[in-house]
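> What would the 3D arrangement of this be:
(chains A, B, C and D)
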Amino acid sequence: MLKTEELQINIGPQHPSTHGVFRMLVTVDGETLVDLKPVFGYLHRNHEQLGEVNTYLQNMPFTDRLDYFNSMVNNHAYARTIETLAGVEVPERAQYIRVIMDELSRILNHATAMGFMLGDMGAWQTALLWGMREREKILDMFEYVSGARMMCNYCRFGGVVRDIDDWFITELKKLMQGLPHYFDDFEGLLLNSEILLARARNIGVLPKDLALAYSVTGPVLRGSGVAYDIRKAEPYAVYDRFKFKVPVGTVGDVYDRFLVRIAEMRESYKILEQALEQLPDATGGFINPKVKQQSLKAPAGEAYARVESPKGELGFYVVSDGTGSAYRYKVRAPSFINLSALADMCKGYTIADVVVILGSIDIVMGEVDR
Amino acid sequence: MTLSHLATEDVFVVERNDADFRAGQGMTKGLGIVFRKFRKALFGKPNSDRADTEGQFNVQYPEERLAMPEAYRNMPILLYDDATGHELCTSCFQCERICPPQVIHITQAKDPATGKPVPAAAKFVLEYDTCMSCGYCAEVCPFDAIKMDHDFELSTANHPELDVDYNRLLRPVSYYETIAPTMWSDVKEQAMKKLQNNIKRRPGDIGRDHGQKIKGGAPVAAAATPAAGAAPAAGAAKPRGPVAAIGKNMSEDKTAKLLAIRAANAAKRGGGAADAAPVAQAAPVAEAVAAAPAAASAAPTGPVAAIGQNMSEDKRAKLEAIRAAKRAERGE
Amino acid sequence: MADALTQLGFASWLSVLIASIIKVTLILVGGSVGMMFLTWYERRSISYMQDRRGPNRVGPQGLLQPISEAIKTMTKEDATPRDADKIVHFLAPVVMLGATVLSFAVIPWGRMFPVDLNAAVLFVIATGGLHSIGMMMAGWGSNNKFALLGGMRGVAQLISYEIPQVMAIIPVVLMTGSMSLQKIVEAQNDFAGLGWYVFSPVGLLGFALFFTASLAEGERTPFDIPEADSEIIAGYMTEYSGMKFAVFYLSNYMSNLAVCFVTATLYLGGGNGPGVDALGGIAGGLLSLVYFLLKSFALFFVMVLIRATVPRLRVDQLMSFAWKFLLPLVLVNILSASFWVALLRWDQQWPQLTEWFGAPSTADATNWGRLAIAIVLTLLINAGAVALIMRLTNRNVQKHLYTTDEELALGLS
Amino acid sequence: MALLARGELRSILQTELPNVLDSRWDTQATDQAEAHGEGQTVLLDFDAVVKAEAIVEVAHFVRDKFGYDLLSNITAVDYLNHGIIELVYQFYNAAEAGPDLRVRVRIGRSPEECIVPSLTPTWPGADLQEREAYDMYGVVFPGHPNLARIYMWDEFKGFPMRKDFPKTGDKYTHVTGE
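Below is the predicted model:
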């Protein structure tokens, strides 16, 4: 028997497909992976400490920088936490606007995340750039309502900062005319491609029980076959008023996660349709005028609120001591916790699969390192 | 696993295409779609509408520009009244207090005769390099003195220059009116009313002694007056939608823009360091008059030229002094 | 050319020297200009596929972009890693480029042949094989783990794919009866210049197999595994910068160009086409050059289309594709090519056929009956083989062949 | 397999596993939020406060008995005034959905007391979160396979999220909470 030598390789922190400054210390036997250790913290900026120093309102723009693809969702989750803590009512229109923004975020996140994953797989950016086009269209609309494309800073306690107007609704309807074509093109491009099947099927398998033990959430958990969606499990905002389905996978491999994300984009589209239909008129207002935004004080206590971010369960755990800023501010970041399953998913596969599996978890280092 | 919280019709299992016979048909379909895209992008019309998913969709940036939505926020600026040259800021410290990264530093003006505080800022320094563009300062300002600019071409090789002081933060109200007509018209009346009240409490030139507005005793107000008339027209011509002009030929805008840039550059070269700023400051006015219909995007150029100048050593020294004073105040 | 120079009064050795220098210059210039055009062509067309514009700033339609980039890479710092094997590290790009340029010596440009070698086909394959040496040198000499992985992958891939590539040419050689590229082009000149091998069942399958194997030889998607940027950064090129990197890049694209040229010559009739013979002379030569370049760039467009569409395979999948899919089909193709040649040319051995259909002339095209039989027979053999192999490599069948999901994942689906 | 209301776990544990509850917090009123003034933290204990060494047992208990199989979140809070560090474990029932179940552990701030058994062997998802609590608060988790700093570099001294970690000055030389 020939003796083989194991090789240790640092994939990252500067590497084309680690999605930011993230390092995987892998031990390989030839091309086969023996061990993987994720190393991170390169982007750590002590976000949680900032949240304890800032007042509640001041912290809102910092949440944009967590998962910078979905700042709207981050804002929503944070606003919901503080609203729970301080007992703030949110007008119905604001709830609908938040849902619309969340679902638009979900579409743009999944479009680009799947594009990046396929890029890691070697599909030369075509799927990514088609996704980027849809993302641009959505970001332009975000810019219109919030003033910024990515760092939206859109939610306020008890509502949103600016109402959506006719222009926005017209453009949203136009966007939704185009989206199904995009979904079809995207599916036609690669969904059944033999090479994709070879690369994605039975790769990075995370069985159902292991997925639960690893605390993964979002499309990764659903890809493993657990139909757990916070929009259904603990409906927030007005999600209980929409009819939509929760897509789940069966095997829990890269292909299942890929399919679940595509199906989720289509479900988001359905939610958008219903939200536009049900959107109440502007008489109810888009923000609770009674809330003192700048000098908001919450009674001593704690609150945890979570939303279904495109990447999983995004929650904020805030402890208040009755002053205007949080005593303890903790982010339950989905990318961070989903990442703990990476090593187990990768073992036994090859280096080429590792980057694909990492892409299929869909992490953002801004959220992982906080 | 039982899923008691979900009805069965709420869950569906994604189709994994297990039963298919694979003979390259999936790959061929993908090739076909990509070729269709190629054909449409090469021969079809460019992507001009949000409903389009075919055709080229990129904007040739320096020549073509997307119109900025009114709400767009980049860096904060301070406003002054065209007619009187009075700054709207009263140094109420609201923005300094809310600013999440704490980059605003204000010193209140004092009446030299009595030593009492006057509703005007003596110094106003903003660190553009650390600003996170959250827009809270503009949101909380009770006097509508601080607003978010639309100009985003601020890159510089000179980092200290990004500590921007009062002189370089000031823009006329008419400029803000061109970039955000509806947002300004919403607040215009009360802002002006508050300003008139404050002017009464400002002795002498306090509150309008920054920038080059009144240099040489002749207020720029005279030159600014026509702009006040022209600006609403320019504002009205501005497309409201942020992407209304995606992919369209913007040659008219482009030429106006180029002319404006050239004029500003020529002004910068022509005048000395001291004289350049007033000319540049007047540039938006001139453009607003000259190219009112197309001025919407062209107008911002003038003040930019002023920002582009190198920040002198004493300005940095000033900023340091202000910071030191702050530290002293906090008793460190 | 040398003869013409001798007639002008040059000494014979001098005229040979001058002619050779002119040819070498033309090949080098033609190769590198072709490579520059190729990069522009690829980037523009791939960006149209992705709904963007691609390079369009430098020169008209961005045509001068490659030149600006060449200048940029040449003026960049040429860094060598401290612990690298300096000599090997330096020689690797030289070997790569040398091998590529050599292959251009025998490739015909339309009807113009730089050198008519009687074993030109072998020569092309042999110079292509030299690439693996360059890759291994670069991978080893860089003293970088990613480079080493890339070098290993490259060598393994090149060696495995050379076999189907070489064997895919055998039918062409059989059908022509010669290994000279000139003869191969001449043999495809029937039917008013449209008697290309690709129109016969043997040639069609051979074309598909040869082109697929050539994609792997030229490290094109879906076989760009040695330089898979998302996995091992740039593979064996990771530690190269400046001019050396530019040389690798140049050699890569030149070998892609060579692959397109060779494929067009072997299967698409080279410079043959309607009207070439009719025009004759210099005009005909130019027309043949135009035909040839059109065919080659159409082939390259297919490469670009594939690159824009499909992900890359994994190393093990790549190997199983070569050994389990390409190789059996190539063998079957050789078999049907033998039948084809037997039916159309070996009339001495089968006199009955001569009785039935008359004696074959040198132009096989006139023997319609034989041709029909040959087409039907080879079509049946090839189609049957393709169907069988597809069936065998299909996932559902594999389910029975393999036992566990893990093994299934490693197989070809 | 049923959802538990807030505070219900406490009474269940009192009858079923009487030894696991932390006796120090038995006598506290259930909700004191109103009683405190501004700037005063309150210790909420309508959720079960269990002994540090019993957390593994309780976690298995709620998983096997009530189906709380998704350990979603582990939060460490430094209550400087009370001299304790609290770890809040949030469990979800993936099948029944509904709100979370919070189990708390309260330990002292000194290095000798700041020890909680690790949940990582059963819930590998706790791995990174426990490392984060160790890195930021100095909570030591015996049984964790790789308890190393996760965000800060390995040579870093002190635990930056503790309330007594200096927020100004040269924070890289200070040593706190060792």
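> Which residue does chain D have closest to chain C?
Ranking the residues of chain D by distance to chain C (CB to the nearest CB) places residue D:124 first, at 20.9 Å. For glycine as for every other residue, the C-beta is placed from the backbone atoms N, C-alpha and C.
> ignore the last one, chain A
Sorted by distance to chain C under CB to the nearest CB, the residues of chain A start with residue A:122, at 3.1 Å.
> excluding its backbone neighbours, what's nearest that residue?
Distances taken as CB to CB, 6 or more residues apart in numbering or on different chains place residue C:312 nearest to residue A:122, at 3.1 Å, with adjacent residues excluded.
> Spit out the contact partners of the residue of chain A closest to chain C.
If a contact means CB atoms under 8 Å, 6 or more residues apart in numbering or on different chains, then residue A:122 has C:221-222, C:224, C:228, C:230, C:310-312 as its contacts.
> Next step: these restricted to helices.
Judged by DSSP state H, the contacts of residue A:122 include residue C:230 as members of helices.
> out of the contacts of residue A:122, who's nearest chain B?
So of those, ranked by how close each gets to chain B (CB to the nearest CB), first place is residue C:310, at 6.0 Å.
> mind checking how far that closest one is from residue A:124?
Distance of residue C:310 to residue A:124, computed by CB to CB, to the nearest Å: 9 Å.
> Show me the common contact partners of those two, please.
Contacts common to residue C:310 and residue A:124, judged by CB under 8 Å, 6+ apart, are residue C:221.
> ok, these two, which is more surrounded?
The residue with more neighbours, out of residue C:310 and residue A:124 and counting by other CB atoms under 10 Å in any protein chain shown, is residue C:310; that gives 28 against 23.
> Double-check that one against residue C:223; I have them as touching.
No: judged on CB atoms under 8 Å, residue C:310 makes no contact with residue C:223 at a distance of 10.2 Å.
> what about residue 115, how many neighbours?
By default, I'm working from chain A. For residue A:115, using other CB under 10 Å, the count is 23.
> I was thinking of chain C, sorry if that wasn't clear
Residue C:115 is surrounded by 16 other residues when neighbours are defined as other CB under 10 Å.
> Quick one, grab the pLDDT at it.
Predicted confidence (pLDDT) for residue C:115: 73.
> quick one, what contacts it?
Neighbouring residues of residue C:115 by CB under 8 Å, 6+ apart: C:23, C:105-106.
> So which of those wins on neighbours?
Neighbours were tallied for each of these (criterion: other CB under 10 Å), and the maximum of 24 neighbours falls on residue C:106.
> For chain D, which residues score under the pLDDT cut-off?
In the predicted model of chain D, residues D:1-2, D:25-41, D:44-46, D:169-178 satisfy pLDDT under 70.
> Mind telling me which residue of it is nearest chain A?
For chain D and chain A, the shortest gap (CB to the nearest CB) falls at residue D:125, measuring 2.8 Å.
> Excluding chain neighbours, what is closest to residue C:385?
The spatially closest residue to residue C:385, leaving aside those adjacent along the chain, is residue C:332, at 4.0 Å (CB to CB, 6+ apart).
> Please give me every residue in contact with the one you found.
C:381-382, C:385.
> Show the buried residues in those residues.
With neighbours counted using 16 or more other CB atoms under 10 Å in any protein chain shown, those contain these buried positions: C:381-382, C:385.
> for those residues, which one is nearest chain A?
Closest approach between the buried ones among the contacts of residue C:332 and chain A, by CB to the nearest CB: residue C:385, at 18.7 Å.
> how about the closest one, what does it touch?
Applying CB under 8 Å, 6+ apart to residue C:385 gives the contacts C:328-329, C:332-333.
> got TSV for the residues you listed, with secondary structure too?
Compiled in TSV, these are given as follows (DSSP: H, G, I helix; E, B strand; the rest coil):
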residue	secondary structure
C:328	helix
C:329	helix
C:332	helix
C:333	helix
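> among those residues, who's most crowded?
residue C:333 (30 neighbours).
> Distance check, that residue against residue C:318.
Counting by CB to CB, the gap between residue C:333 and residue C:318 amounts to 21 Å.
> next one: residue C:19
Per CB to CB, residue C:19 is found 43 Å from residue C:318.
> count of neighbours near residue 126?
The chain I'm using is chain A. Residue A:126 is surrounded by 27 other residues when neighbours are defined as other CB under 10 Å.
> That was the other one, I meant chain D.
The local packing of residue D:126 (other CB under 10 Å) involves 26 other residues.
> Spit out the contact partners of it.
Contacts for residue D:126 (CB under 8 Å, 6+ apart) come out as A:215, D:71, D:74, D:118-120.
> Helices - which of these land there?
Using DSSP H to define helices, no part of those is located there.
> Which one (most neighbours) among these?
The member of the contacts of residue D:126 that has the most neighbours, counting by other CB under 10 Å, is residue A:215 with 30 neighbours.
> Poorly predicted segments of chain B, please.
Counting by pLDDT under 70, chain B contains low-confidence residues at B:1-5, B:18-23, B:211-318, B:326-332.
> ok, 50 please
Low-confidence segments of chain B, defined by pLDDT under 50, span residues B:1-2, B:214-251, B:270-311, B:332.
> quick one, helices of it?
Under DSSP H, chain B gives helices at B:25-43, B:94-98, B:136-140, B:166-169, B:173-179, B:181-200, B:221-237, B:251-270, B:273-290, B:295-298, B:301-308, B:313-329.
> got the contact list for the second one?
It stands for helix B:94-98. Outside helix B:94-98, the residues touching it (CB under 8 Å, 6+ apart) are A:57-58, A:294, B:76, B:102, B:104-106, B:136-137, B:139-142, B:146.
> Now the stretch 51-200 of chain B against chain D: closest residue?
Here the stretch 51-200 of chain B gets closest to chain D at one residue, residue B:102, 13.3 Å apart by CB to the nearest CB.
> residues contacting that residue?
Residues touching residue B:102, when contacts are defined by CB under 8 Å, 6+ apart, comprise residue B:96.
> quick one, phi/psi of it?
phi 60, psi 60 (degrees, to the nearest 10).
> and if you look at residue D:78?
Dihedral angles of residue D:78 (phi, psi; degrees, to the nearest 10) stand at phi -100, psi 100.
> and it, how many residues sit next to it?
Neighbouring residues of residue D:78 were enumerated by other CB under 10 Å; the total is 26.
> My read is that it contacts residue D:165, right?
No: Residue D:78 is not in contact with residue D:165 according to CB under 8 Å; the separation is 9.2 Å.
> which SSE is the residue of chain D closest to chain C in?
For residue D:124, there is no enclosing helix or strand under DSSP states H and E.
> what's the closest residue to chain D within the stretch 1-150 of chain C in contact with, if anything?
Among all residues of the stretch 1-150 of chain C, residue C:145 sits closest to chain D, at 23.2 Å; criterion: CB to the nearest CB. Under the criterion of CB under 8 Å, 6+ apart, the contact partners of residue C:145 comprise A:7, A:9.
> And the pLDDT for it?
With respect to pLDDT, residue C:145 scores 84.
> Report the closest residue of the stretch 301-413 of chain C relative to chain A.
Nearest to chain A, among the residues of the stretch 301-413 of chain C, is residue C:312, at 3.1 Å (CB to the nearest CB).
> count of neighbours near that residue?
Around residue C:312 there are 25 residues (other CB under 10 Å).
> Tell me, how many residues neighbour residue 326?
This is for chain A. 27.
> that answer is for a different chain, and I need it for chain C
As a burial measure, the neighbour count of residue C:326 was computed by other CB under 10 Å and equals 24.
> What about the contacts of residue D:126, which are in strands?
When strands are assigned by DSSP state E, the members of those inside them are D:71, D:74.
> Save the contacts of residue D:126 as TSV, and put in distance to chain B too.
Putting the contacts of residue D:126 into TSV (distance: CB to the nearest CB, whole Å) gives the following:
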residue	distance to chain B
A:215	16
D:71	17
D:74	24
D:118	26
D:119	21
D:120	23
